[in-house]
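*Asks:* here is my input; please provide its structure:
(2 chains)
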Amino acid sequence: DTGVSQNPRHKITKRGQNVTFRCDPISEHNRLYWYRQTLGQGPEFLTYFQNEAQLEKSRLLSDRFSAERPKGSFSTLEIQRTEQGDSAMYLCASSLGGGRGNYGYTFGSGTRLTVV
Amino acid sequence: AQSVTQLDSQVPVFEEAPVELRCNYSSSVSVYLFWYVQYPNQGLQLLLKYLSGSTLVKGINGFEAEFNKSQTSFHLRKPSVHISDTAEYFCAGSGVDAGNMLTFGGGTRLMVKP
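*Replies:* Predicted coordinates:
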């Protein structure tokens, strides 16, 4: 168990470019979450997967944001046509979830995006 | 809808002094509560969690929190802080809803001074 891994750690991109981030969860975890954290704020929920199914995506910030988890293992978060307001830390987390249980997530170290 | 409020954005304290970081939540359904710590440029680490049962929850690094349903609070305490406790602390909650999405408070920066 090597924890939740996110790549890259830092990404600087020009406004209008597309970016993609990767998250590798803990292998036995069936749930994977994406959160965004802006400076001085708590993380805000974006979307989550249970296995390969994306069960909640209404919180994605706009239609420029999309996420996939094609085989129920790693996940990618893509932002198209980036804007300066997209600059933030993007956090991935995984958990073993189901039913009424919520035993807390394991977070990755995040990908810090800077749009210039 | 559930919300989580952290009443203090910054808490300065001297080393070896006790500290309390305040958190209030609002919810009309069963609730799970968590405290996370975040060190600079890192992800969030779970300190402790309340799921059910005893209202006094003990976590890592000597932290504990008390769930108070009547006051809708979940304050974090440590009897004696160390310089290494300097970090951002986040209170979070989730209901029994789809996916157990976490709602975070705005965070409290704990600054431990020598």
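*Asks:* doesn't residue A:66 fall inside a strand?
*Replies:* Yes: Residue A:66 forms part of a strand when assessed by DSSP: H, G, I helix; E, B strand; the rest coil.
*Asks:* beta partners of it?
*Replies:* On the basis of DSSP bridges, residue A:66 is bridged to residue A:78.
*Asks:* pLDDT weak spots in the chain?
*Replies:* You didn't say which chain, so I picked chain A. Low-confidence segments of chain A (pLDDT under 70): A:1-2, A:98-103.
*Asks:* correction: the question concerned chain B.
*Replies:* B:1, B:27-30, B:96-99.
*Asks:* can you show me the helices along it?
*Replies:* Counting by DSSP state H, chain B has no helices to list.
*Asks:* what residues does it have near chain A?
*Replies:* Where chain B comes near chain A, counting by Cβ under 8 Å from any Cβ of the partner chain, the residues are B:4, B:6, B:30, B:32, B:34, B:36, B:41-46, B:49, B:51, B:90, B:92, B:94, B:96, B:98-107. Glycine gets a C-beta too; all of them are placed from N, C-alpha and C.
*Asks:* in PyMOL, select just the buried ones from these.
*Replies:* Here is the PyMOL command that picks out the buried ones among the residues of chain B next to chain A, judged by 16 or more other Cβ atoms under 10 Å in any protein chain shown:
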select buried, chain B and resi 4+6+32+34+36+43+44+46+49+51+90+92+94+99+100+101+102+103+104+105+106+107
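*Asks:* buried sites along stretch A:13-31?
*Replies:* A:13, A:19, A:21, A:23-26, A:29, A:31.
*Asks:* for stretch A:29-42, same thing?
*Replies:* A:29, A:31-37, A:42.
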